[in-house]
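Q: based on what follows, work out the 3D shape:
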Amino acid sequence: MPRNDAEEKKFLIVTLGCAKNEVDSDRMRSLLLAGGLKETQESADADVALINTCSFLASATTESVETTLDLAEAVSQGVRNCPLIMCGCVPSRYGAALPTELPEVAAFVRTDEEDNILSVVHDVLGMKDSEVPHLAGHMLRTISGASAYVKISDGCDRFCAFCAIPSIRGRYVSRPASEILTEISELAKGGVREIVLIGQDTGIWGSDFKQPSTLAALMRQAAEVMRPYKGWIRVLYLQPEGMTEELISTIRDTPEILPYIDIPIQHCNERVLKAMGRSGSREQLSELFAHLRQEIPGMVLRTTGMAGFPGETDEEADELLDFLAEEGFDYTSVFAYSPEDGTRGARMADQIPEDIKLERAQRLQDLADEMGFAATAKHLGEQVDVIIDGIEEGEDGLELIGHTWFQAPDSDGAVHIAQGEASVGDIVSCELVDCVCYELYGTICK
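A: Residues are numbered from 1 along each chain as shown. A predicted model of the protein is given here:
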């Protein structure tokens, strides 16, 4: 007879990929906990294991499959029966072929099926007669730290030649403002002091509604929710076209919204951008960044550059390098182009040899680090608010680890505080006294 004692069943979640996957994993975790299961961090203790996969790049797909197979091997060597459930981007992208290719996996769950995860877990555990709570639409999160990602949309309508996201996550869909604001409110009540708004293309949030809205309007509402908690609002993944005057003034004039602008340009050359399926030119991007610096003095700029897109010439690669140096971005992520299955870029004839792509990417990365180290060092001597993210064992004892307004969580380094007492989620005033690469060291102000 199948067992109905869900409270005795334990699940393990392994999350790969970006912050959006972290949010999806947390949603599934919440649904499973609400259904009476318990979470474990050890595969040896798990009755079922979920692998939330990434498939943005071929390397990410490979990592997802290898992680799944490694876990399957670990389970086979143990004494417990632990079915594996593959979730997320890999099933969304390759779903039809996976049952044959990965017989080790008991079930596959696409990104648009993840709200049914409790039913899937019941099924693979032989608990079909167990009652599944009706939780659809409820804003369930389990975040207990200082910062939390909040998805404001899913999917993408850009169809860039290098990107498989539209085929993985579908067309662009904005989440309703009421859902987002309820989630932010619950997170703030639970101790979160920084909300990071994310999506594939955050700048066009609300444009697909029957009665269109704007990201700026949403951020102003989010700021009102966070104001009583003295919290912060940060937004990532803005496209150049999304930087409207309304958004610029909202970031500038709303204290809770951090003047941290994340705009992934990928390239600056007009011909390369057009081949990528993107718009713009070096001149237009320069005008945009000059305008942003004029309107939001002291802001921080993050971007993304791609090396070796098909057809990129030596001169165009040099132009991107020169542009990044000219603009002096605070933080820059660098990628070597990867030909992804099903994308237009992968079908282009003029692919760049791997060694040349890597050499160009390394030049970009060297420059990115040079600029990033300098941008970090310029904050020495400042007195800033730092959100405490954790407490770790350092060389000289316990050390507070946090980040300040110009550091996005998990991306831009951290602030290390060797002396002082604080709890996770506290905001402390700190003087920045030293730095190494992207890491800062501070002392709590008395």
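Q: switch to C-alpha atoms for all contacts and neighbour counts from now on
A: Will do.
Q: now the strands for the stretch 151-300 of the chain?
A: 153-154, 173-174, 194-198, 232-235, 260-262, 300-307 (DSSP state E, counting those that start in this stretch).
Q: residues contacting the third one, please?
A: Among residues not part of strand 194-198, those counted as contacts by Cα atoms under 8 Å, 6 or more residues apart in numbering are 19-20, 146-153, 184, 231-237.
Q: how far off centre is that strand?
A: In terms of Cα atoms, centre = their mean, to the nearest Å, the centre of strand 194-198 is found 10 Å from the chain centre.
Q: for it, C-alpha coordinates in PDB please.
A: Output of strand 194-198 as PDB, limited to C-alpha atoms (Å, rounded to 0.1, in the frame of the first residue of the first chain):
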ATOM      1  CA  GLU A 194      16.700  44.200  -0.100                       C
ATOM      2  CA  ILE A 195      14.400  43.200  -3.000                       C
ATOM      3  CA  VAL A 196      16.100  42.500  -6.300                       C
ATOM      4  CA  LEU A 197      13.600  42.600  -9.200                       C
ATOM      5  CA  ILE A 198      14.500  40.200 -12.000                       C
END
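Q: paired strands for it, with orientation please.
A: strand 147-151 (parallel), strand 232-235 (parallel) (DSSP bridges).
Q: and for the second one?
A: Strand pairing for strand 173-174, using DSSP bridges, gives strand 153-154 (antiparallel).
Q: picking up where we left off before, how about the strands of the stretch 151-300 of the chain, which one is nearest Met243?
A: Across those, Met243 has its closest neighbour in strand 260-262 (9.5 Å, Cα to Cα).
Q: show me what the closest one packs onto, helices and strands only.
A: Taking 3 or more Cα pairs under 8 Å, 6 or more residues apart in numbering; DSSP states H and E as contact, the helices and strands that strand 260-262 lies on are strand 232-235, strand 300-307.
Q: I'd like these laid out as JSON lines, including mean pLDDT and mean neighbour count.
A: Formatted as JSON lines, these follow (pLDDT from 0 to 100; neighbours: other Cα atoms under 10 Å):
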{"stretch": "strand 232-235", "mean pLDDT": "97", "mean neighbour count": "23"}
{"stretch": "strand 300-307", "mean pLDDT": "97", "mean neighbour count": "22"}
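Q: now render these as JSON lines, adding distance to Phe289.
A: Formatted as JSON lines, the helices and strands packed on strand 260-262 follow (distance: least, Cα to Cα, whole Å):
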{"stretch": "strand 232-235", "distance to Phe289": "17"}
{"stretch": "strand 300-307", "distance to Phe289": "9"}
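Q: out of these, which is closest to Glu421?
A: Nearest of these to Glu421, taken as Cα to Cα: strand 232-235 at 21.8 Å.
Q: check the offset of the closest one from the chain's centre.
A: The answer for strand 232-235 is 13 Å, by Cα atoms, centre = their mean.
Q: so what touches it?
A: If you take Cα under 8 Å, 6+ apart as the criterion, strand 232-235 is touched by 193-198, 202, 219, 222-223, 226, 256-258, 260-262.
Q: the same query, at a cut-off of 6 Å, please.
A: Glu194, Ile195, Val196, Leu197, Glu256, Ile257, Leu258 (Cα atoms under 6 Å, 6 or more residues apart in numbering).
Q: that older thread, for Ala34, find the nearest of the helices and strands packed on strand 260-262.
A: Closest among the helices and strands packed on strand 260-262, once you apply Cα to Cα, is strand 232-235, at 28.1 Å.
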